[in-house]
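1. A predicted structure for the sequence below; I have some questions about it.
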Amino acid sequence: RAISFSNNSCYLPPLRCPAVAHFEPHDGSPECYLIHGGRTPNNELSSSLYMLSIDSRGCNRKVTFRCLEKELVGDVPSARYGHTLSVIHSRGKTACVLFGGRSYMPPSERTTENWNSVVDCPPQVFLIDLEFGCSSAHTLPELTDGQSFHVALAREDCVYFLGGHILSSDCRPPRLIRLRVELLLGSPVITCTVLQEGLSITSAITTPVGYHEYIVFGGYQSETQKRMECTYIGLDDVGVHMEPREPPQWTSEISHSRTWFGGSLGKGNAMIAVPSEGNPTPPDAYHFYQVSFQKEQDGEAPTQGCSQESTDFEDSAPLEDSEELYFGREPHELEFSSDGEGDTYNEEDEEDESQTGYW
């Protein structure tokens, strides 16, 4: 169904591979999603930071969003895609950590042959103060290579970067990077530790199954090979703990597809999509699946499942590299209803075009 935005919203362009962070309600601040960068449909790169929140909820599951662009000052991150954005808390303060990504080759280095070539962004860490919009860049000696399409998990004042692809050497090093950020008065202090105990993975899906506990699955372990395994990751005061988990019973469509993508639905649930195949192959048609993971309870084995939800999305726009944003709702509230149950007409749901607009 169409999404409506409040009349004080800015335009949110379609973006591929932006950095997305979930900002939970904190010290009176409402729940929102932070969206930075990404690739536009005409292959331009964005350097904007958007804040997407719920403006109001209506009947029949209709939701009105508000999107605001946050202006940054200082060391503003360049336009990029394939990077990560994380929210950290330190000494009663909150900040965002931006790292990685790719951008176009600098104009001074472009030639006719490599005009549209992309390179890894310099391995700088950006700290963004959301309250004042101040951004600062930090160069750390431990970070010698740029990287992209990695996983970022945050707990309190620490961010863990897992996997990723280094374009200059065309490798996926199985390393784990830990950043600790202390938001002191004056200048922040950042310490970096590089561990060789990570995963060789890119473009993975992460879904929470508990308090700072996650299941990481999907993505790719090489240019031509999907990663079919699942990994449990827990963050605590000691550090990070990783354990392999039994994957769901993947369907044949998932097992044989060359590509897949998706996102978290919260509380151990995720949605994945694979391109539909046929003769002829239908354009922009996908098989959608909901994957569910449950945390291990009192010695019981954790459970997981993969069920096909719907394939009837012929009228939808191309979805590859799209982002799934979950706003504090139960997963069953997001299910697609094909029989129209609960979708009866309600006059109060009619949009006042002076208040909202469709994008």
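-> On my side now, so go ahead.

2. which residue ranges of the stretch 201-350 of the chain form strands?
-> Along the stretch 201-350 of the chain, the segments classed as strands by DSSP state E, counting those that start in this stretch run 205-210, 213-217, 220-222, 225-226, 230-235, 240-245, 261-266, 269-275, 286-293, 304-310.

3. which one of the ones you listed has the poorest average confidence?
-> Among the strands of the stretch 201-350 of the chain, strand 304-310 carries the lowest mean pLDDT, at a mean of 59.

4. any idea how many residues pack against residue 15?
-> For residue 15, the neighbour count with other C-beta atoms under 10 Å is 23. Using the backbone N, CA and C atoms, a C-beta is placed for each residue, glycine as well.

5. check contacts around the nearest residue to it once chain neighbours are set aside.
-> The shortest distance from residue 15 to any non-neighbouring residue, by C-beta to C-beta, 6 or more residues apart in numbering, is to residue 38 (3.0 Å). Taking C-beta atoms under 8 Å, 6 or more residues apart in numbering, we find residue 38 in contact with 15-19, 45-46, 81.

6. for residue 250, state which of those is nearest.
-> residue 17 (24.2 Å; C-beta to C-beta).

7. still on that earlier bit, need the strands of the stretch 201-350 of the chain in JSON lines (columns: mean neighbour count and distance to residue 148).
-> As requested, the strands of the stretch 201-350 of the chain are exported to JSON lines (neighbours: other C-beta atoms under 10 Å; distance: least, C-beta to C-beta, whole Å):
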{"stretch": "strand 205-210", "mean neighbour count": "20", "distance to residue 148": "16"}
{"stretch": "strand 213-217", "mean neighbour count": "22", "distance to residue 148": "17"}
{"stretch": "strand 220-222", "mean neighbour count": "16", "distance to residue 148": "13"}
{"stretch": "strand 225-226", "mean neighbour count": "14", "distance to residue 148": "18"}
{"stretch": "strand 230-235", "mean neighbour count": "20", "distance to residue 148": "20"}
{"stretch": "strand 240-245", "mean neighbour count": "14", "distance to residue 148": "21"}
{"stretch": "strand 261-266", "mean neighbour count": "20", "distance to residue 148": "15"}
{"stretch": "strand 269-275", "mean neighbour count": "22", "distance to residue 148": "21"}
{"stretch": "strand 286-293", "mean neighbour count": "21", "distance to residue 148": "24"}
{"stretch": "strand 304-310", "mean neighbour count": "14", "distance to residue 148": "28"}
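
8. out of those strands, flag the one nearest residue 154.
-> strand 230-235 (8.2 Å).

9. and the contacts of that closest one?
-> So strand 230-235 is contacted by 153, 155, 158, 160, 162, 199, 209-210, 212-217, 240-248, 293, 302, 304 (C-beta under 8 Å, 6+ apart).
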